[in-house]
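J.: Build the 3D model from these lines:
(2 chains)
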Amino acid sequence: MILTQFAQEKELFMYVAEDATYETGDQAIFKASDFVGSTCVDSTNTIFRFYPQDKSKLGIGGDPVFDTFTLTHTEDAHIEVMKAVAGAMSNPHGGFVVIQDDLGTAFSSDGSSLGAAMSDIKYSPIASTGTAVAVTAVTITTVDA
Amino acid sequence: MKYLIVNDQATLTSMGAVDQTFMFPQNRVLGMRSDSDTQFNFLIQGTNDVDDEDTLKFTHADKSAAATHLAERKLYDDIVSAINSDSKLGYTVLFDLLNNVKLDNQVLSGSTFTED
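T.: A predicted model of the protein is given here:
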């Protein structure tokens, strides 16, 4: 069952696509106003948790099953990734932000792959080493329709 | 909405485990309370277990000493100011041991994050 609520005015939507080809991987949009928190998963993954859109998963009286996306990134770059996503989510004018889209490496003339990873996010280098930061994959869980 | 970030790891290669690096919205703050003469707990509504709380432990100078008895009170002010900050970046780092970022009246050593 889907939540019967609407996004607030000037909501910030974040878009992620899991795979190079849209027919293979899932795509999803997350609302910044549903954001709960973000933590490390391991040395190359950071998870972003959101209140679920399926209200049967809200876990009233208990714990919800969160909608999440997990970004796979340069080793030990959790802080830089969090800062960049926070910067995107905090835009008071709302809008549509591509966190990660089309991780393909080859252009496809049918439009199923644009041949390059795309993102509206610019990640700063790791502050203590200057190592460039990149996101190489995204995994979506529990978004339910 | 602004976001708050903490990191209690001082070594880059030790990053990546649970209870280390954390980002949360400013509206999930529950409160603060004393824990000892040199530490207090900053409580946040749980971000994994929402009917429990996540805990940031802030270390400060010894408030049992006359010369530093305002340490906890001053750090409360620092934190409230950070929570309400209109940072154009969209986030405020409360503390980060790796990059030696801290609030004015905070002692970095012993400042931690624990997720429930």
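
J.: Up against chain A, what does chain B have?
T.: B:1-3, B:5, B:7, B:12-13, B:15-18, B:20-25, B:28, B:47-51, B:54, B:89-91, B:93, B:96, B:98-99, B:115 (CB under 8 Å from any CB of the partner chain). All C-beta atoms are positioned from the backbone trio N, CA, C, and that covers glycine.

J.: try 7 Å
T.: Residues of chain B lying close to chain A (CB under 7 Å from any CB of the partner chain) are B:1-3, B:5, B:7, B:12-13, B:15-18, B:20-25, B:47, B:49-51, B:89-91, B:96, B:98-99, B:115.

J.: which among the residues you listed end up buried?
T.: B:2-3, B:5, B:7, B:12, B:15-16, B:20-25, B:47, B:50, B:90-91, B:96, B:98, B:115 (16 or more other CB atoms under 10 Å in any protein chain shown).

J.: in chain B, which ranges drop under the pLDDT threshold?
T.: Nowhere does chain B drop to pLDDT under 70.

J.: What are the boundaries of the helices in it?
T.: Taking DSSP state H as the criterion, chain B carries its helices at B:71-83.

J.: tell me, what residue is most central in it?
T.: A centroid search over chain B (CA atoms, centre = their mean) returns B:Leu56, at 4.7 Å, as the residue closest to the centre.

J.: Might you report the residue contacts of it?
T.: B:6, B:42, B:44, B:113 (CB atoms under 7 Å, 6 or more residues apart in numbering or on different chains).

J.: Reformat those residues into CSV and put neighbour count next to each item.
T.: Formatted as CSV, the contacts of B:Leu56 follow (neighbours: other CB atoms under 10 Å in any protein chain shown):
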residue, neighbour count
B:Val6, 24
B:Phe42, 25
B:Ile44, 23
B:Phe113, 23
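
J.: Which of those residues fall in strands?
T.: Among these, the members found in strands (DSSP state E) are B:6, B:42, B:44, B:113.

J.: so what's the last one up against?
T.: Under the criterion of CB under 7 Å, 6+ apart, the contact list for B:Phe113 reads B:6, B:8, B:19-20, B:22, B:56.

J.: Please tell me how far it sits from A:Val133.
T.: 21 Å (CB to CB, to the nearest Å).

J.: try the third one
T.: From B:Ile44 over to A:Val133 the distance is 26 Å, taken as CB to CB.
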